[in-house]
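K.L.:
requesting a structural model of the entry that follows:
(one chain, ligands or ions: 2)
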Amino acid sequence: MSMIAAFYSGKSILITGATGFMGKVLMEKLFRTSPDLKVIYILVRPKAGQTTQQRVFQILNSQLFQKVKEVCPNVHEKIRAIYADLNHNDFAISKEDMQELLSCTNIIFHCAATVRFDDHLRHAVQLNVTATQQLLLMASQMPKLEAFIHISTAFSNCNLKHIDEVIYPCPVEPKKIIDSMEWLDDAIIDEITPKLIGDRPNTYTYTKALGEMVVQQESGNLNIAIIRPSIVGATWQEPFPGWVDNLNGPSGLIIAAGKGFLRSIRATPMAVADLIPVDTVVNLTLAVGWYTAVHRPKSTLIYHCTSGNLNPCNWGKMGFQVLATFEKAPFEKAFRRPNADFTSNLITSQYWNAVSHRAPAIIYDFYLRLTGRKPRMTKVMNRLLRTVSMLEYFVNRSWEWSTYNTEMLMSELSPEDQRVFNFDVRQLNWLEYIENYVLGVKKYLLKEDMAGIPEAKQHLKRLRNIHYLFNTALFLIAWRLLIARSQMARNVWFFIVSFCYKFLSYFRAPSTLKV
Ligand SMILES: CCCCCCCCCCCCCCCCCC(=O)SCCNC(=O)CCNC(=O)[C@H](O)C(C)(C)COP(=O)(O)OP(=O)(O)OC[C@H]1O[C@@H](n2cnc3c(N)ncnc32)[C@H](O)[C@@H]1OP(=O)(O)O
Ligand SMILES: NC(=O)C1=CN([C@@H]2O[C@H](COP(=O)(O)OP(=O)(O)OC[C@H]3O[C@@H](n4cnc5c(N)ncnc54)[C@H](OP(=O)(O)O)[C@@H]3O)[C@@H](O)[C@H]2O)C=CC1
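P.N.:
Ligands and ions are numbered 1, 2, ... in the order given. Next up, the predicted model:
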C-alpha cells in the first residue's frame, strides 16, 4: 500500500487555484489514489457566465476525470466548492464557510496565482503576494492544519544563473510593496514598475519571488514547504499522456507553429528547454505534502521541480520533434505549412519576422479585402509576435537549479510510493513525451479528430503547391524586370538559353542516329 495515498485518506484538503491547469490534475490524482479522503475544499469564483457549481460540474465531467469516476463514484459529494475571490482582502468568503475551513482543514495546497507575464503590478501583487499573506493568516488559525504547500515557480529568481533551494531576498520588503500598492495610483505604479522588477523580465516572476519571501517571513509555527516547477507542460503518463487545457508555456506556440502562423522564433537551439510534465509536478507536490506533515522538517524546505540537471532537453531538439509530429499528424486548416526556424540572432529574427510572418499576413489581408471580407490576419500576427517576444527571454537562456531536496525526498519514498507518485524525470523519454504533447494539443486543446488527418495532409500538399507556384511566379517576374533593365542580365539570359539549346541538341543527335 502506498504510504502517501494512505496519508491523504480521511483528510480535509483545501486547494486554491483548483480550476487551473495544475489544480485540476492535483484534484484528479488525489481522488484517484486516495478515494477515501474526507473532502476537498476548493476556492472558486464565478467566471465567464458560469456559477461556481457549474464550473465544478464542468471539471468533473471532463475527460480528465473519467478514471476518477470509476474509483470514486461519489466524487461529487467529496468536493466542496467555496465561493471566494482572491482579489478581495478577505477573499469574500462567507462567515459560515470560513468557520468550516478554519476548523476542518488538514492540508493546504496553494496553487492560485496570476500567471500573466504582463499583469499590472497592483494586480500581480494582490494575487501572488497579498493573497498568499492572507492565506497564511487563515492557516495560522487552523488547529488541525498539518502542512501548507505553496506553489511558486523555478523562475522566481530567473535573474540568477545558478539557483539553490533557498529563498533569495528582494531589495524591497514585500510588506512595503503591499502597503504602497494601497495608496499609489496606477500611473505612478507604472513608472516605478521597471525599477522594482529590476533585472527580472516581468511582474509575474517578481511577484512570485515576493510571495516566497512572505511565506518565509510569515510562516510562524506552520509546517510549510515551497515547490518551484519550471515550465509546466502536458501530462507525461497520468491519467493519460498529452492532456493539456490551456495556452500557457509552449502549448500556445505549438498551436501557432502547427497552424503555420509561427514559422520562426528567436530562440537558442542549444539552450535547455526546462519543461516539466504537470503530472510530475503533482506527484512531487503530494509527496511533499506527506513528507512535510509526517516528518515536520525544522525549516521551510524548497523543492525544485525541474528537468534540466537530471535529464536535459534543448529547444533545438524540442522544435525538431514538434515538427516531426506535425508531419505525422498535421493540424487542420493550416494557414501555411509548419516550419520551426530557431535563430538566436536578432537581425536574422527580424528579417524572418518581416518575410515569414508580416508579409504573408499583409498579402492574405489584401486577398481578404479583394474578396470583400474583413482583413484580420495582420492583427492576429501582431498579437502573436507580441506573445512570442514575451516568451523569448525564457528560450534564449539556460539556468541551473540544484535539486538536493527533491532527490532527498525521492530516496525517502518506499518503492511503491516511487511508482505511484513518480517524479523521477530521468525516466522521461523526451521524443515520446513531445510527440504525445503535440498530439494532446491537437486532441484536447484544438478538439480535432484524428480521423481528419488525411484531409489535413491533403491541405498541406495544396499549400506546398501554392507555395511553389507563388515562388516560381515571383522569380519569373523579378527576372523579367531585371532583363528589361540590365544588359548584363540579358547577356546571362542569352548564355543560359543558348547553353540549354546546345545541351538538348547534343542529346537529340545520338537518339536520331539510333533510329
Ligand atoms: C516554432 C516552433 C515552436 C516550438 C515550441 C517552442 C516553445 C517555446 C515556449 C517557451 C515558453 C516559455 C514559458 C516560460 C514559463 C515560465 C514559467 C512560469 O512559471 S509561467 C506560467 C505560465 N504563464 C504563461 O505562460 C503566461 C503567458 N501568457 C501571457 O502572459 C499572456 O497571455 C500574454 C501577455 C502573452 C498575452 O496577453 P494578451 O495579448 O493581453 O491576451 P490574452 O492572454 O487574452 O491572449 C491573447 C491571444 O494570445 C493567445 N495566447 C495566450 N498565450 C499564448 C501563448 N503562450 N502562445 C501563443 N498564444 C498565446 C490567446 O489565446 C489569445 O488569442 P486570441 O484570443 O487573440 O485568438
Ligand atoms: N503553468 C506553468 O508553466 C507554471 C505554473 N507555476 C505555478 O503553478 C501554479 C498554478 O499554475 P497554473 O495552474 O498553470 O495556472 P492557471 O492560470 O491555469 O490557474 C490559476 C488558478 O488561480 C486561480 N485564480 C486566479 N485569480 C483568482 C482569484 N482572483 N480568485 C480565485 N482564484 C483565482 C484561477 O481561477 P480561475 O479559473 O477562476 O481564473 C486558477 O484556478 C501557480 O502558482 C503558478 O505560478 C509555476 C511554474 C510554471
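K.L.:
just confirm yes or no for stretch 137-155 near ligand 1.
P.N.:
Yes. Using Cβ under 6 Å from any ligand atom, stretch 137-155 reaches ligand 1 at T153, F155. Just so you know, the C-beta spots here come from the backbone N, C-alpha and C atoms, and that holds for glycine as well.
K.L.:
now this structure against ligand 1: closest residue?
P.N.:
G252 (2.1 Å; Cβ to the nearest ligand atom).
K.L.:
list the contacts of that residue.
P.N.:
G252 sits next to T387 when contact means Cβ atoms under 8 Å, 6 or more residues apart in numbering.
K.L.:
would you verify that it is located in a helix?
P.N.:
Yes. The assignment for G252 is a helix, going by DSSP: H, G, I helix; E, B strand; the rest coil.
K.L.:
any part of stretch 266-273 near ligand 1?
P.N.:
No. Counting by Cβ under 6 Å from any ligand atom, ligand 1 has no neighbours in stretch 266-273; the shortest distance is 6.8 Å.
K.L.:
so for the longest helix along the chain, what's the average pLDDT?
P.N.:
The single longest helix within the chain, with elements called by DSSP state H, is helix 453-485. Per-residue pLDDT over helix 453-485 has a mean of 91.
K.L.:
tell me the helix or strand right after that helix.
P.N.:
Next helix or strand after helix 453-485 toward the C-terminus (DSSP states H and E): helix 487-514.
K.L.:
what residues sit buried inside that next one?
P.N.:
Of the residues in helix 487-514, none is buried by neighbour count under the rule 16 or more other Cβ atoms under 10 Å.
K.L.:
could you shift the numbering so residue one becomes 206, and keep it that way?
P.N.:
Got it, the first residue is 206 from now on, which makes the last one we talked about helix 692-719.
K.L.:
what's the angle between it and helix 658-690?
P.N.:
120 degrees (axes from the mean of the first three to the mean of the last three Cα atoms, to 10 degrees).
K.L.:
mind giving me the packing neighbours of helix 692-719?
P.N.:
If contacts are counted by 3 or more Cβ pairs under 8 Å, 6 or more residues apart in numbering; DSSP states H and E, helix 692-719 sits against helix 658-690.
K.L.:
can you name every helix or strand that the helix it packs on contacts?
P.N.:
Here helix 658-690 touches helix 692-719, going by 3+ Cβ pairs under 8 Å, 6+ apart.
K.L.:
who's in contact with the closest residue to ligand 2 within the stretch 206-355 of the chain?
P.N.:
Residue of the stretch 206-355 of the chain nearest ligand 2, by Cβ to the nearest ligand atom: G225 (2.0 Å). The contact partners of G225, taken as Cβ under 8 Å, 6+ apart, are C316, A317, N451.
K.L.:
tally of neighbours for the last one?
P.N.:
Around N451 there are 12 other residues, counting by other Cβ atoms under 10 Å.
K.L.:
ranges for the strands of the protein?
P.N.:
Along the chain, counting by DSSP state E, strands occupy 217-221, 244-249, 284-288, 312-315, 352-356, 367-368, 429-434, 436-438, 469-471, 480-482, 506-510, 546-548, 605-606.
K.L.:
out of those, nearest to T530?
P.N.:
T530 lies closest to strand 436-438 among the strands of the chain, at 13.8 Å (Cβ to Cβ).
K.L.:
tell me the contacts of L306?
P.N.:
Residues near L306 by Cβ under 8 Å, 6+ apart: L219, Y246, I287, I298, M343, M347.
K.L.:
brain fart, R285
P.N.:
V244, I245, Y246, I247.
K.L.:
one more: A689?
P.N.:
A689 makes contact with no residue under the criterion Cβ under 8 Å, 6+ apart.
K.L.:
against T319, how distant is it?
P.N.:
Distance of A689 to T319, computed by Cβ to Cβ, to the nearest Å: 59 Å.
K.L.:
how much space between the closest residue to V630 other than its chain neighbours and ligand 2?
P.N.:
Once flanking residues are discounted, V630 sits nearest to S512: 4.6 Å by Cβ to Cβ, 6 or more residues apart in numbering. Going from S512 to ligand 2 by Cβ to the nearest ligand atom, to the nearest Å gives 12 Å.
K.L.:
same deal with I429?
P.N.:
As for I429, its distance to ligand 2 is 15 Å (criterion: Cβ to the nearest ligand atom).
K.L.:
show me the contacts for that residue.
P.N.:
Counting by Cβ under 8 Å, 6+ apart, I429 touches A352, F353, I354, H355, V420, T497, T505.
K.L.:
is it true that the first one touches T497?
P.N.:
Yes. Between A352 and T497 there is a contact at 4.1 Å, judged by Cβ atoms under 8 Å.
K.L.:
anything in contact with each of the two?
P.N.:
Joint contacts of A352 and T497 (Cβ under 8 Å, 6+ apart) are N428, I429, A430.
K.L.:
I'd like those residues as TSV, with pLDDT and distance to N362 appended.
P.N.:
Listed next are the shared contacts of A352 and T497 as TSV, based on pLDDT from 0 to 100; distance: Cβ to Cβ, whole Å:
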residue	pLDDT	distance to N362
N428	97	24
I429	98	18
A430	98	17
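K.L.:
nearest to V437, of those residues?
P.N.:
V437 has its nearest neighbour among those in A430, at 17.8 Å by Cβ to Cβ.
K.L.:
any idea what that closest one is bridged to?
P.N.:
Beta bridges link A430 to I354, L506 when assigned by DSSP bridges.
K.L.:
now it: how far from ligand 2?
P.N.:
As judged by Cβ to the nearest ligand atom, A430 and ligand 2 stand 14 Å apart.
K.L.:
ok, that residue - how many residues close by?
P.N.:
The number of residues packed near A430 is 22, by other Cβ under 10 Å.
K.L.:
who's in contact with it?
P.N.:
If you count contacts by Cβ under 8 Å, 6+ apart, A430 has them with 352-355, 493-494, 496-497, 502, 505-508.
K.L.:
which among those residues gets closest to I639?
P.N.:
For the contacts of A430, the minimum distance to I639 (Cβ to Cβ) is 24.6 Å, reached by Y508.
K.L.:
right, and the closest one touches I431 too?
P.N.:
Yes. Between Y508 and I431 there is a contact under Cβ under 8 Å: 7.2 Å.
K.L.:
who are the contact partners of the closest residue to ligand 2 within the stretch 606-720 of the chain?
P.N.:
In the stretch 606-720 of the chain, the residue that lies nearest ligand 2 is W606 (11.9 Å; Cβ to the nearest ligand atom). Residues near W606 by Cβ under 8 Å, 6+ apart: A359, I368, R433, S435, D479, H509, T511, G513, N514.
K.L.:
mind putting the residues you listed into a markdown table with pLDDT and neighbour count?
P.N.:
Listed next are the contacts of W606 as a markdown table, based on pLDDT from 0 to 100; neighbours: other Cβ atoms under 10 Å:
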| residue | pLDDT | neighbour count |
| --- | --- | --- |
| A359 | 98 | 23 |
| I368 | 98 | 21 |
| R433 | 98 | 24 |
| S435 | 98 | 23 |
| D479 | 98 | 23 |
| H509 | 98 | 25 |
| T511 | 98 | 26 |
| G513 | 96 | 23 |
| N514 | 92 | 16 |
